[in-house]
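Colleague: sharing a model prediction with you, sequence too.
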Amino acid sequence: MLETTPSETHRSFTVRVPMSLYLRLAEMAQADGVFINQKANQLLRLGMGQHINLDQALARLFKEKIEGETA
């Protein structure tokens, strides 16, 4: 687990993406009137949130299936 201090809350990294993905991201950012970095951060946060929700949903489905089989 990474520990951060207030001065370390902003980090950067480089991600190589296909040109088609970059152009789509640029189009989305322009349509929303934001910088491409802001759009990338927004989509990354959204994707991470969906991933967590998907994990929770799968756990719930497995639990319901197990409980249904034992009932």
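Modeller: Received, thanks.
Colleague: quick one: residue 15 and residue 53, what's the gap?
Modeller: 23 Å (Cβ to Cβ, to the nearest Å). C-beta coordinates here come from the backbone N, C-alpha and C atoms, glycine included.
Colleague: in which helix or strand would I find residue 29?
Modeller: Residue 29 belongs to helix 19-32 when assigned by DSSP states H and E.
Colleague: remind me what the helix or strand following that helix packs against, helices and strands.
Modeller: For helix 19-32, the following helix or strand on the C-terminal side (DSSP H and E) is helix 36-70. When contacts are defined as 3 or more Cβ pairs under 8 Å, 6 or more residues apart in numbering; DSSP states H and E, helix 36-70 sits against helix 19-32.
Colleague: any idea how far the helix it packs on is from the middle of the chain?
Modeller: Centre-to-centre, helix 19-32 and its host chain are 17 Å apart (Cα atoms, centre = their mean, to the nearest Å).
Colleague: mind listing what's buried along it?
Modeller: The neighbour-count check on helix 19-32 (16 or more other Cβ atoms under 10 Å) flags 25, 29 as buried.
Colleague: neighbours around residue 40, how many?
Modeller: 17 (other Cβ atoms under 10 Å).
Colleague: same thing with residue 56?
Modeller: Applying other Cβ under 10 Å, we find 10 other residues in the vicinity of residue 56.
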